[in-house]
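**Q** Quick one, fold the following:
(2 chains)
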Amino acid sequence: MGKRLSFFRRHLRTWVQICFAALSNGYAAGFARGSIYKGSAKLLCVPGLNCYSCPGALGSCPIGSFQAVISSRNYQFTFYVTGFLLFFGALFGRFVCGWLCPFGLVQDLLHKIPFVKKLRKLPGDRWLRFLKYVILVGFVIVLPLTVLDIVGQGQPWFCKYICPSGTLFAGIPLVASNPALQSALGWLFNWKMAVLVALLLLSVVVYRPFCRYLCPLGAVYSLFNPVALYRFRIDAQKCTQCGACQRACPMDIPVQSAPNSPECIRCGKCRAACPHGAICSTLQRAHRADGKTI
Amino acid sequence: MSFLKQNRAALLLLLAGIACVAIGVWRGEAETVFRKAVNICMECIGLG
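**A** Take a look at the predicted model:
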């Protein structure tokens, strides 16, 4: 029993990720029929990058919804989706990336596959990290707003040309189970498959390449990390600057000096690695030296 | 009290988020999201 509990605790984040992915994609009939859920739950946005065309999806993807509203003829801005982003961001920041995003789970699982040489980060990491902000501004906001067809309708540029989550969770299962869609395959599907395969292969070597460098939703939530209700704190009296936290951090963040870095996905590995218990979250009470909480 | 002080920004953003959702519903944006979400998004799946 104790061993089982310890196993569960050690893999708590993975279990939460699996449960949340299953919960937000719980429309099993969709996978069997090659169709999607059409119920009223789709009025609501889910916190993670979860394509609404996934056969199991019960909610709407905030990035897809954002583009859908601003590229429509009636609106130039979406209060509705921005509200969801503010709500989730203010509560969790990038905790969403680490714990609640289905595509994050896929990358985490792939990174567990042994490989000859794992990389801490890609060459040019410092600059590549800004790419997700460029994609957010360019592909999610500017292009859907400004490139319009003759009836004044834009396109969801990020979903169409980049989103690997849509290809994996929506494109592949729908195309596999729907012969009518198979006959419509073309260069765009091949391009999106190439993006997906490249990112999946890269995930084996580097930890979460999509979240680090490309994800516009991660870019949004990263802005909330320093102020979200869920944050990390360093107890300066306990911290010896030993660097164990940064060595344990899969995103290679200097946690001791930047506990609320925009790159932090709140995986909690730094907290587990700290030999002095100097890192705690805003939800935890700080522990005194005598073991009592304050 | 200290909780409110330490988390003032987050709580304000949280309230702003709820207000934005309400404004969005009032403007009819929720309908647009719903219409897009209940039809297969051809762009998302790579068909066009």
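**Q** For chain B, what lies in contact range of chain A?
**A** B:6-7, B:9-11, B:13-14, B:16-25, B:27-30, B:32-34, B:36-38, B:40-41, B:43-48 (CB under 8 Å from any CB of the partner chain). All C-beta spots, glycine's among them, are computed from the backbone N, C-alpha and C.
**Q** Try it again at 6 Å.
**A** Applying CB under 6 Å from any CB of the partner chain, we find that chain B lies next to chain A at B:7, B:9-10, B:13-14, B:16-17, B:20-21, B:23-24, B:29-30, B:32-34, B:36-38, B:40-41, B:43-47.
**Q** any low-confidence regions in chain B?
**A** B:1 (pLDDT under 70).
**Q** quick one, longest helix in it?
**A** Assignment by DSSP state H gives helix B:8-27 as the longest helix of chain B.
**Q** ok, now chain A?
**A** Chain A, longest helix under DSSP H: helix A:187-205.
**Q** And the helix or strand just after it, what does it pack against?
**A** Later in the chain than helix A:187-205, the nearest helix or strand by DSSP states H and E is helix A:209-213. In terms of contacts (3 or more CB pairs under 6 Å, 6 or more residues apart in numbering or on different chains; DSSP states H and E), helix A:209-213 is packed against helix A:187-205.
**Q** which parts of the helix it packs on are buried?
**A** For helix A:187-205, the neighbour count (16 or more other CB atoms under 10 Å in any protein chain shown) marks A:188, A:189, A:192, A:193, A:195, A:196, A:199, A:200, A:202, A:203, A:204, A:205 as buried.
**Q** what's near enough to touch the first one?
**A** Think residue A:188. residue B:46 (CB atoms under 6 Å, 6 or more residues apart in numbering or on different chains).
**Q** Identify the residue nearest the residue positioned nearest the centre of chain B in space, chain neighbours excluded?
**A** Computing the C-alpha centroid of chain B and ranking residues by CA atoms, centre = their mean puts residue B:21 first, at 5.4 Å. In space, and not counting its chain neighbours, residue B:21 is closest to residue A:83: 3.4 Å by CB to CB, 6 or more residues apart in numbering or on different chains.
**Q** Please identify the helix or strand for the one you found.
**A** helix A:79-92.
**Q** contacting residues around that helix?
**A** A:45, A:47, A:62, A:65-66, A:96, A:220-221, A:224, A:228-230, B:10, B:13-14, B:16-17, B:20-21, B:23-24, B:29-30.
**Q** residues near the residue nearest to residue B:21, how many?
**A** 22 (other CB atoms under 10 Å in any protein chain shown).
**Q** before we move on, the earlier item: mark which of the contacts of helix A:79-92 are buried, thanks.
**A** Neighbour-count burial (16+ other CB under 10 Å) is assigned, among the contacts of helix A:79-92, to A:45, A:47, A:62, A:65-66, A:96, A:220-221, A:224, A:228-230, B:10, B:13-14, B:17, B:20-21, B:24, B:29-30.
**Q** Show me chain A divided up by domain.
**A** Here the domain parsing of chain A from automatic domain parsing is A:2-222, A:231-294.
**Q** out of the ones you listed, deepest packed?
**A** domain A:2-222 (a mean of 19; mean count of other CB atoms under 10 Å in any protein chain shown).
**Q** How far away from the center of its chain is it?
**A** Chain-centre distance of domain A:2-222: 7 Å, with CA atoms, centre = their mean, to the nearest Å.
**Q** residue of chain B with the smallest distance to chain A?
**A** Nearest residue of chain B to chain A: residue B:24, at 2.4 Å (CB to the nearest CB).
**Q** check contacts around that residue.
**A** Going by CB under 6 Å, 6+ apart, residue B:24 touches A:79, A:80, A:83.
**Q** what residue is smack in the middle of chain A?
**A** The centroid of chain A falls nearest to residue A:97 when counting by CA atoms, centre = their mean (3.6 Å).
**Q** quick one: pLDDT of that one?
**A** Note for residue A:97: predicted pLDDT of 98.
**Q** In a helix, it, correct?
**A** Yes. According to DSSP: H, G, I helix; E, B strand; the rest coil, residue A:97 belongs to a helix.
**Q** Provide a list of residues in contact with it.
**A** A:104, A:211, A:218, A:265.
**Q** Report the separation between the nearest residue to residue A:227 once chain neighbours are set aside and residue A:57.
**A** Distances taken as CB to CB, 6+ apart place residue B:9 nearest to residue A:227, at 4.1 Å, with adjacent residues excluded. For residue B:9, the distance to residue A:57 equals 32 Å [CB to CB, to the nearest Å].
**Q** about what we covered before: identify the residue nearest the residue nearest to the centre of chain A in space, chain neighbours excluded?
**A** Residue nearest to residue A:97 in three dimensions, not counting chain neighbours: residue A:265, with 4.2 Å by CB to CB, 6+ apart.
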